[in-house]
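**Student:** Any chance you can model this:
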Amino acid sequence: MQLNYIQRGCFKWPIDVSILSVKTVSLTGSTLLWLVIITLGLAFTGSLLIILLLKRRYQRKITELEHRFLLVQMDPHFVFNSLTAIQNYIFKNDPYQATRYFSSFSKLVRLILENSQKDFISIAHEVETLTLYLELQKLRFGDKFEFTITVDPDIDAEHHTIPPMLAQPFIENAIERGSVHMGKRGSINIRFILRGSNILFEVEDNGGEYPTSNANQQKLKKEFEAHAFKRSSDRLMNLRKIFRRKYKMEIKDLAQVAENGIQGTLIIFTLPIL
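**Tutor:** Numbering: from 1, shown residues only. Got it, this is the predicted structure:
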């Protein structure tokens, strides 16, 4: 209906209203209760998921911090012995050796601190760190042991990466509790081998039982081995949690697995290529 112009006055128009369809929704007490339950259930589920996500995130952060702490740890005995060696060179009036040792020790500490900021470093960088560490030990012990480090030619040492300083506790154990106490010259052989989608990081030494029957020395050796194993196994466990990959470590007594009467220990780290 359209009204163009209306004069003053009172007018009445009849209007027919037709209601085609009217739908009525009735909410009973039971329906309202279910709506409340569903709403609360969705809110609870959402809150639980958020809490679980936050828990997982913080758990990952805690694991990463534990990993960093384990990585940055330097054996206090090694630090003390290194500083003592420098002091001995000074007392012996050998400034050249004292300066050389101190320079190498300072560089090694710097490398270890740099490595502690990284989850992975190149194999080339790891070789540099291990070489410096072993050369420092040779300055202390002279010709009581020798070492070799070999890298599989199929490995790209500049680009293939591994967790830093995994084997250091075992190398230290082979020197401190093995080579310097044996009647024969100690030998430490470090190998990086490409095997499928993994890098095998092997450390082999020729240290057997001590030639003496000193029970205290044997006890110290066992305690140090347990400590070295725990440090490395804790790091591998954290790496598995963080990166969801299969990092493994094996320890073999060569006297039991070798047929030619060789004595020593073989440590094998299986490290997935990332």
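**Student:** mind listing the strands for this protein?
**Tutor:** Secondary structure of the chain, counting by DSSP state E: strands at 121-122, 145-151, 161-162, 186-195, 198-205, 248-253, 265-272.
**Student:** Of these, which shows the lowest average pLDDT?
**Tutor:** Among those, strand 248-253 carries the lowest mean pLDDT, a mean of 88.
**Student:** which neighbours does it have in its sheet, and in what orientation?
**Tutor:** Its sheet considered, strand 248-253 pairs with strand 265-272 (antiparallel) by DSSP bridges.
**Student:** Any chance you could list what contacts the partner strand?
**Tutor:** 162-163, 166-167, 170, 174, 195, 197-205, 207, 232, 236, 245-254, 257 (C-beta atoms under 8 Å, 6 or more residues apart in numbering). C-beta coordinates here come from the backbone N, C-alpha and C atoms, glycine included.
**Student:** D253 and E202, how far apart?
**Tutor:** 15 Å (C-beta to C-beta, to the nearest Å).
**Student:** quick one, which of those two is more surrounded?
**Tutor:** Between D253 and E202, E202 has the larger neighbour count (other C-beta atoms under 10 Å), namely 17 against 12.
**Student:** nearest residue to the more buried one other than its sequence neighbours?
**Tutor:** Leaving aside its chain neighbours, E202 sits nearest to R191 (4.4 Å; criterion: C-beta to C-beta, 6 or more residues apart in numbering).
**Student:** Now for the one you found, how many residues are close by?
**Tutor:** R191 has 16 neighbouring residues, counting by other C-beta under 10 Å.
**Student:** now swap in S103 and tell me
**Tutor:** By other C-beta under 10 Å, 10 other residues sit near S103.
**Student:** Run through the helices of the stretch 51-200 of the chain in chain order.
**Tutor:** Secondary structure of the stretch 51-200 of the chain by DSSP state H, counting those that start in this stretch: the helices cover 76-91, 95-115, 123-141, 168-176.
**Student:** Show me what the last one is packed against.
**Tutor:** Judged by 3 or more C-beta pairs under 8 Å, 6 or more residues apart in numbering; DSSP states H and E, helix 168-176 is in contact with helix 123-141, strand 186-195, strand 198-205, helix 215-243, strand 265-272.
**Student:** try 6 Å
**Tutor:** Judged by 3 or more C-beta pairs under 6 Å, 6 or more residues apart in numbering; DSSP states H and E, helix 168-176 is in contact with helix 215-243.
**Student:** Report the helix or strand with the lowest average pLDDT across this structure.
**Tutor:** Of all helical and strand segments in the chain, the minimum by mean pLDDT, DSSP states H and E falls on helix 29-72, at a mean of 64.
**Student:** List phi and psi for the nearest residue to N115 once chain neighbours are set aside.
**Tutor:** In space, and not counting its chain neighbours, N115 is closest to P164: 3.9 Å by C-beta to C-beta, 6+ apart. Backbone torsions for P164, taken as degrees, to the nearest 10, come to phi -80, psi 140.
**Student:** didn't P164 look like it was pressed against F120?
**Tutor:** No: under the criterion of C-beta atoms under 6 Å, P164 makes no contact with F120, lying 7.4 Å away.
**Student:** the more surrounded of those two?
**Tutor:** For P164 versus F120, neighbours defined as other C-beta under 10 Å are more numerous around P164 (23 against 17).
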